[in-house]
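Visitor: Provided below for reference: sequence and predicted model.
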Amino acid sequence: MSKTRLEAFSDGVMAVAITLLVLNLHVTPSAHASLALQLAARWPSFAAFGVSFLVVGVIWINHHTVLGTVRQVDRLLLFYNLLLLAFVVSVPFATSTLAGYLANGKATDLHLAVLLYGGTMTAMAISYTLLFARATSSLASASQRWPPSRRAAVARFGVGVVVYPAVALLGLLSAPLMLLVYAGLSLYYMFNQTGTQETDLD
């Protein structure tokens with residue numbers, strides 16, 4: 001498979017996933033409550049939407065950057081990419097579930113919704129780390145040593161694999177705080193955290 005086809009397929013899947021996030025945002029014009037009250041009451045949906053949109057958006061940005069380093073697409077890379085996309089498309093479900101139980105749900109159900117959302121984030125972190133490591137493996141020298149920037153990047157994503165489930169456990173105490181931390185992690189990974197600068201590709 002060509003890299004262009006892989007990128008086109010991945011972009012399409014991520015575009016659908018990020019679009020589906022908005023389906024959970026709605027108000028009822030015929031309701032007795034005013035628009036302002038409805039918007040205030042649905043803050044969990046807007047908060048979860050914002051964080052999930054940011055997470056998927058950053059995944060898309062870094063996915064594009066990482067595929068830019070790929071010199072040959074092999075079957076293992078395809079499987080890792082497919083694994084990542086499987087969890088990306090599950091984000092809308094995890095998001096709507098968390099928002100629904102955050103708005104009005106029993107504590108036990110909310111905890112399960114938190115773990116579902118956190119598990120999805122963790123699974124994306126793991127699959128992205130695998131994809132990143134495979135995509136950049138062809139850039140190793142004959143001695144099989146990666147440039148320091150890439151070793152550091154893999155280490156950063158490896159740490160994320162530990163941090164993401166820890167944040168999910170934090171969500172059992174405070175779901176809004178979990179969303180806030182996930183947003184912060186996404187912003188961290190947004191700014192040049194892949195170790196794949198153009199100068200490294202020469």
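Guide: Ah, there it is.
Visitor: which helix is the longest one in this structure?
Guide: The single longest helix within the chain, with elements called by DSSP state H, is helix 107-137.
Visitor: now the angle from the very next helix or strand once past that one to helix 107-137?
Guide: Using DSSP states H and E, the helix or strand that follows helix 107-137 in sequence is helix 148-171. With axes from the mean of the first three to the mean of the last three C-alpha atoms, to 10 degrees applied, the angle from helix 148-171 to helix 107-137 works out at 170 degrees.
Visitor: state the mean pLDDT of helix 148-171.
Guide: The average pLDDT for helix 148-171 rounds to 80.
Visitor: and it, how far out from the chain middle?
Guide: Relative to its chain's centre, helix 148-171 lies at 13 Å (C-alpha atoms, centre = their mean, to the nearest Å).
Visitor: kindly report the same for stretch 34-45.
Guide: Using C-alpha atoms, centre = their mean, the offset of stretch 34-45 from its chain centre is 26 Å.
Visitor: check which residues of it are buried.
Guide: 42, 44-45 (16 or more other C-beta atoms under 10 Å). Backbone N, C-alpha and C define where each C-beta goes, glycine included.
Visitor: ok, now stretch 123-142?
Guide: 123-137.
Visitor: next: stretch 51-67.
Guide: For stretch 51-67, by 16+ other C-beta under 10 Å, it's 51-56, 58-60, 62-63, 65-67.
Visitor: and for it, what's in contact with it?
Guide: 3, 6-7, 10-11, 14, 17-18, 21, 84, 88, 91-92, 94-95, 121, 124, 128, 131-132, 135-136, 179-180, 182-183, 186-187, 189-190, 193-194, 196 (C-beta atoms under 8 Å, 6 or more residues apart in numbering).
Visitor: ok, stretch 173-192 next?
Guide: 47-48, 50-51, 54-55, 57-58, 61-62, 98, 102, 110, 113-114, 117-118, 121, 156, 160, 163-164, 167-168, 170-171.
Visitor: residue 99 reaches residue 50, doesn't it?
Guide: No - assessed by C-beta atoms under 8 Å, residue 99 is found out of contact with residue 50, at 10.8 Å.
Visitor: more crowded one of the two?
Guide: residue 99 (24 against 14; other C-beta atoms under 10 Å).
Visitor: what helices or strands is the helix or strand containing the more buried one leaning on?
Guide: Here residue 99, judged by DSSP H and E, is contained in helix 91-103. Judged by 3 or more C-beta pairs under 8 Å, 6 or more residues apart in numbering; DSSP states H and E, helix 91-103 is in contact with helix 3-20, helix 43-67, helix 107-137, helix 175-190.
Visitor: so what's residue 96 closest to, chain neighbours aside?
Guide: residue 24 (4.3 Å; C-beta to C-beta, 6 or more residues apart in numbering).
Visitor: what sits against the one you found?
Guide: Contacts of residue 24 by C-beta under 8 Å, 6+ apart are 45, 48-49, 92, 95-96, 99.
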